[in-house]
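> just to be clear, the model below is a prediction. Sequence and coordinates:
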Number of protein chains: 2
Amino acid sequence: MFSKSCEYGLRATIFIGQQSHLGTKVSLTTISEAIDSPQAFTAKILQQLTKNNIVNSIKGPHGGFFIETEAMKTLNLSAIVEVLDGDSIYTGCGLGLKQCNDKKPCPLHFKFVAIREELKNMLQNTTLLMLVNDMELDIFHLKT
Amino acid sequence: MFSKSCEYGLRATIFIGQQSHLGTKVSLTTISEAIDSPQAFTAKILQQLTKNNIVNSIKGPHGGFFIETEAMKTLNLSAIVEVLDGDSIYTGCGLGLKQCNDKKPCPLHFKFVAIREELKNMLQNTTLLMLVNDMELDIFHLKT
DNA sequence: ATAATAAAAGATATCATTGTCTTTTATGTT
DNA sequence: AACATAAAAGACAATGATATCTTTTATTAT
């Protein structure tokens, strides 16, 4: 479904959100340990997320990554996925055709559109804050 | 969503089904031209589909690939996808966790399960014959 | 100012998927 | 039997995603 980059990116963002909600910035090392991801690779992904204003970062001692609580209210999963995987998940044809739309569809097109629309809605309607609140329930996890 | 192998495999199977329905076997060359796929790579995929009894093949002159009409009634897309991509599409965690289930879920688990269930139903309830019949409408296409 | 910390940036390596090429096997035709 | 056709099988190559390593830049504390 998502690329590895996107999977790590989503997990990292959720963890950063969780910690930011508690008022603490987190370092790369802390993040990659918390979500069980390759550190250097995670660094690259965080760079992309920072460039695209999904997360904030501060260099130097006591620096790290964080997200403002206000931003968490409006940040939805769709934005994160688009930064890391582009919009292929929304527009791509299930059978891999370059041209596939309502006018010139592949045989699976209409069946796919329906499912994709739901995925889209789910990603757009789920904010980071919602997930961060869920995480407090202690049933959900981000590693292994 | 699906791997390239699976995309080509689905397109090839639909084309073979379509032609078999008209009573003609098709060669590798014909298939790869009809669905606009790399020929040698398509050959490998067809080998897998043949081994797994998704399609039939006959060697030698006037040989080629075909599917019995009876088989098309019961062959669903899920079976093809499982041969080429395994069951990761059904069981894999959206965030890439190795362990993610109702008992120990990732924060997206329940939202994902709902969508995946629909995808699963769609693939299981769509038979090749349905698609082959749709193809006769002449609105659907398998290339570019 | 110097040293320490931590992210950013750039270069490089590894791996799985995708894709190609060559040889072999099976089958039908002359 | 010899030849032509077409899939099967095996070896090999290219590509993109994944992952690592090193150097640079920014910031803080001493």
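Okay, I see it. Numbers count the residues shown, from 1 in each chain, chains lettered A, B, ... in the order given.
> take the helix-or-strand element of chain A with minimal mean pLDDT, keep the C-alpha atoms, and write them as CSV.
Counting by mean pLDDT, DSSP states H and E, chain A has its least confident helix or strand at helix A:88-91, which shows a mean of 90. Coordinates of each C-alpha in helix A:88-91 appear next as CSV, following Å, rounded to 0.1, in the frame of the first residue of the first chain:
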residue,chain,number,x,y,z
SER,A,88,-0.2,7.9,-7.0
ILE,A,89,-2.4,6.2,-4.4
TYR,A,90,-5.3,8.4,-5.5
THR,A,91,-4.7,8.7,-9.2
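> in chain A, which spans are strands?
Here chain A has its strands, by DSSP state E, at A:56-58, A:64-66.
> give the other helices and strands that the last one contacts.
I take that to be strand A:64-66. In terms of contacts (3 or more C-beta pairs under 8 Å, 6 or more residues apart in numbering or on different chains; DSSP states H and E), strand A:64-66 is packed against helix A:4-21, helix A:28-35, strand A:56-58. (C-beta placed from N, C-alpha, C; glycine too.)
> for the first one, give the mean pLDDT please.
Helix A:4-21 shows a mean pLDDT of 98.
> against which helices or strands is it packed?
Applying 3+ C-beta pairs under 8 Å, 6+ apart, one finds that helix A:4-21 contacts helix A:28-35, helix A:39-51, strand A:64-66, helix A:69-74, helix A:77-85, helix A:128-135.
> ok, is the shortest one in contact with DNA strand D or not?
No: taking C-beta under 7 Å from any atom of the strand as the criterion, strand A:64-66 and DNA strand D are apart, separated by no less than 11.0 Å.
> how about residues contacting that strand?
With C-beta atoms under 8 Å, 6 or more residues apart in numbering or on different chains as the test, strand A:64-66 has contacts from A:12, A:16, A:19-20, A:24-28, A:30-31, A:46, A:50, A:55-58.
> hang on, the earlier thing: which one of the strands of chain A is the most hemmed in?
Of all these, strand A:64-66 carries the top mean neighbour count, a mean of 21, counting by mean count of other C-beta atoms under 10 Å in any protein chain shown.
> what is the mean pLDDT for that strand?
98.
> any residue of stretch A:32-40 touching DNA strand D?
Yes: using C-beta under 7 Å from any atom of the strand, stretch A:32-40 reaches DNA strand D at A:38-40.
> still on that earlier bit, quick one: buried residues of the least confident helix or strand of chain A?
Neighbour counts over helix A:88-91 (16 or more other C-beta atoms under 10 Å in any protein chain shown) mark A:89-90 as buried.
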